[in-house]
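*Asks:* Return atomic coordinates for the entry below.
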Amino acid sequence: MAEKEALVVASKIKNYIKENGDLKCSAKVIDALSDKIREILDKAIVDAKNDKRKTVQERDI
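*Replies:* Residues are numbered from 1 along each chain as shown. Next up, the predicted model:
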């Protein structure tokens with residue numbers, strides 16, 4: 001199976017966790033976040049299509 005592309009900027013996530021929690025970030029956190037974002041976006045795409053729109057909007061999220 002091909003590796004999935006990360007949908008988040010790893011350095012930004014790692015910095016956020018460091019600055020706000022003084023913790024390190026596992027590389028698997030980036031994969032997990034990307035998977036969650038894919039789930040959210042997949043649902044948003046379906047919602048936009050069901051509304052017969054060609055644009056995903058914030059209300060779909």
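*Asks:* Can you classify residue 5 by secondary structure?
*Replies:* Secondary structure assignment for residue 5 (DSSP: H, G, I helix; E, B strand; the rest coil): coil.
*Asks:* Low-confidence ranges, the chain, go.
*Replies:* Within the chain, the segments meeting pLDDT under 70 span 1-2.
*Asks:* count of neighbours near residue 30?
*Replies:* Residues contacting residue 30 under the criterion other Cβ atoms under 10 Å number 18. Every C-beta, even on glycine, is put in place using the N, C-alpha and C of the backbone.
*Asks:* what sits against it?
*Replies:* Taking Cβ atoms under 8 Å, 6 or more residues apart in numbering as the criterion, residue 30 is in contact with 6, 8, 10, 13.
*Asks:* ok, now residue 29?
*Replies:* Residues near residue 29 by Cβ under 8 Å, 6+ apart: 13, 17.
*Asks:* same deal with residue 8?
*Replies:* Residue 8 sits next to 30, 33, 34, 37 when contact means Cβ under 8 Å, 6+ apart.
*Asks:* Just give me the residue right at the centre of the chain.
*Replies:* residue 37 (2.7 Å; Cα atoms, centre = their mean).
*Asks:* Touching, that residue and residue 7? I think so.
*Replies:* Yes - between residue 37 and residue 7 there is a contact under Cβ atoms under 8 Å: 4.7 Å.
*Asks:* what residues are shared contacts of the two?
*Replies:* By Cβ under 8 Å, 6+ apart, no residue touches both residue 37 and residue 7.
*Asks:* ok so, going back, can you convert the contacts of residue 30 into TSV and add a column each for secondary structure?
*Replies:* Formatted as TSV, those follow (three-state DSSP):
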residue	secondary structure
6	coil
8	coil
10	helix
13	helix
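*Asks:* Not counting sequence-adjacent ones, nearest residue to residue 47?
*Replies:* Among residues not flanking residue 47 along the chain, residue 60 sits closest, at 4.4 Å (Cβ to Cβ, 6 or more residues apart in numbering).
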